[in-house]
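Peer 1: could you work out the structure for the sequence below:
(chains A, B, C and D)
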Number of protein chains: 2
Amino acid sequence: MPKRTFFNLPEQKRQNLMQAAEEEFAKSPLYEASISNIVKSAGIPRGSFYQYFEDKEDVYFYLLKEETKTRKIELIDKLKKHHGDIIDAVIDMYYEFLVDLPDDQELNFLKNALLNVTHKIEDAVTSMFEDSHSNDYMEQINRLIDKERLNIEDDQQIYHILQIIVAVAFRNFVEKFSKELSDKEAIENFSIEMQLLKNGLYRN
Amino acid sequence: MPKRTFFNLPEQKRQNLMQAAEEEFAKSPLYEASISNIVKSAGIPRGSFYQYFEDKEDVYFYLLKEETKTRKIELIDKLKKHHGDIIDAVIDMYYEFLVDLPDDQELNFLKNALLNVTHKIEDAVTSMFEDSHSNDYMEQINRLIDKERLNIEDDQQIYHILQIIVAVAFRNFVEKFSKELSDKEAIENFSIEMQLLKNGLYRN
DNA sequence: TATAATAAATGACACACTGTCATTTGTCAA
DNA sequence: TTGACAAATGACAGTGTGTCATTTATTATA
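Peer 2: Here you go, the predicted model:
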């Protein structure tokens, strides 16, 4: 969280600083961005920055959270519009985010947030489902999976199924570590979610 | 990818270097880890490091990929064991990973990979489903969601459903940006996966 | 074996960024 | 007007990065 001094700042100066920060983070992902650039572009002395924020991540996550605040209200709206259908509401939001988001800088900022390490690490994990040199490996997997059980019409949909499973598995790992769940808890949670995936989140 | 020189290195020296790298990355997440520490601990001159690798990330992702290679073979085994049931296979892997992984350093390495930025950013996004100050917000969401449609027995399972949706949505964003999909493609993919979530990955 | 050509090793160095701190400047209440 | 507290400032020490000219090793060739 930014320090008290930050919130005491006159509106004008505060916005100016945040604008400079967003600009920098739109240009470079978190770990390539530099405080030096931000203060230069905002025209404030270096020391002042540390008067307002703990460090780089402090501004960064403050910006990111401000960003999501807006989306919260949107979600409420969408839920109403879709009569409580959570998935339809989320699809609607996804659509609006992609199509209606006008501000290039804002978009780049979020893009960087998602792309950087997150993406690379997930990629490495997902590569488990990809051919390394030949595509022998993937073929083998493909052959081994019992497709009769799967709720798919064409073979191409199997890609989506794998993506979903990986995404949920990934999230479970992260949660296990971040919330320091016991192995038992972690596996229970994981099983619940995998069952939900199998049977569907919605009743038939 | 590491440079040719790296692969020309005598086995002993190469392993020693990788050991030092893993040690560093087990101690500190990617962006806090330093090449200085790695070369010091490996006992090689700084210049040599750059003879072998492009930069820090180069070693890092090389290590990470080596790590997942092992898991690939495991997945094949599990698929066979579970007669092609992909979800059961993945549950089994998850279990083994948590319970049978013996090496502390390896575990810490992966933990850092998952925890750092990935986790913080997903957290910021997921916070959309969390109470900010009062829990008014979450209550409202909870009230709005039409639970009749959901495939749940108790109210607590709704948490898992939201987690799943967020995880899959998150992955879709990342993919849209990393593969530079058009808005149309992205939304199509997203819809397919959301339908799969609704109806279940498996046939009834 | 001597020599040339190529590959690898080395560590000093320039550059960049971070976070701190002593000092200055501003504000506000008594 | 003065004292106490809050904020602003920028110089500075510390740390890390990536490069490069030089040295050393290896391999090919005559």
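
Peer 1: below-threshold pLDDT in chain A: ranges please.
Peer 2: A:72, A:86, A:98-102, A:109-142, A:173-174, A:177-178 (pLDDT under 70).

Peer 1: could you redo the last one with a cut-off of 50?
Peer 2: A:117, A:131-134 (pLDDT under 50).

Peer 1: which parts of it are helices?
Peer 2: For chain A, the helices defined by DSSP state H cover A:4-8, A:11-27, A:35-42, A:46-52, A:56-81, A:86-100, A:104-114, A:120-126, A:136-144, A:157-178, A:183-199.

Peer 1: what's the burial count for the residue of chain A at minimum distance from DNA strand D?
Peer 2: Proximity of chain A to DNA strand D (C-beta to the nearest atom of the strand) peaks at A:Gly47, 2.0 Å away. For the C-beta atoms, the positions are set from N, CA and C on the backbone; glycine is no exception. Look at A:Gly47: counted by other C-beta atoms under 10 Å in any protein chain shown, it has 8 neighbours.

Peer 1: what sits against it?
Peer 2: Taking C-beta atoms under 8 Å, 6 or more residues apart in numbering or on different chains, we find A:Gly47 in contact with no residue.

Peer 1: from A:Ser36, how far out is it?
Peer 2: A:Gly47 sits at a distance of 13 Å from A:Ser36 (criterion: C-beta to C-beta, to the nearest Å).

Peer 1: nearest residue to A:Met18 in space, please, no chain neighbours.
Peer 2: A:Leu63 (6.8 Å; C-beta to C-beta, 6 or more residues apart in numbering or on different chains).

Peer 1: show me what contacts A:Glu185?
Peer 2: A:Lys176.

Peer 1: for it, give its distance to B:Glu24.
Peer 2: In terms of C-beta to C-beta, A:Glu185 sits 30 Å off from B:Glu24.

Peer 1: ok, now A:Phe6?
Peer 2: Distance from A:Phe6 to B:Glu24, by C-beta to C-beta: 34 Å.

Peer 1: DNA strand C contacts on chain A?
Peer 2: A:34-37, A:46-47, A:50, A:55-56 (C-beta under 7 Å from any atom of the strand).

Peer 1: I'd like to know which of the residues you listed are buried.
Peer 2: A:35, A:37, A:56 (16 or more other C-beta atoms under 10 Å in any protein chain shown).

Peer 1: the second one is in contact with A:Glu24, isn't it?
Peer 2: To tie it back to what came earlier, the one meant is A:Asn37. Yes - with contact defined as C-beta atoms under 8 Å, A:Asn37 reaches A:Glu24; the gap is 5.1 Å.

Peer 1: report the buried residues of stretch A:47-63.
Peer 2: So for stretch A:47-63, counting by 16+ other C-beta under 10 Å, buried means A:49, A:52-53, A:56, A:58-63.

Peer 1: and stretch A:80-98, by the same measure?
Peer 2: Result for stretch A:80-98 [16+ other C-beta under 10 Å]: buried residues A:82, A:84-95, A:97-98.

Peer 1: between all of the residues you listed, which two are at the greatest distance?
Peer 2: Longest distance between any two of the buried residues of stretch A:80-98 is 23.5 Å, between A:Gly84 and A:Leu98; criterion C-beta to C-beta.

Peer 1: A:Ile91 is in contact with B:Ser191, isn't it?
Peer 2: Yes - taking C-beta under 8 Å as the definition, A:Ile91 is a contact partner of B:Ser191 at 6.1 Å.

Peer 1: contacting residues around A:Glu106?
Peer 2: A:22, A:26, A:67.

Peer 1: now A:Lys56
Peer 2: A:30, A:33-35.
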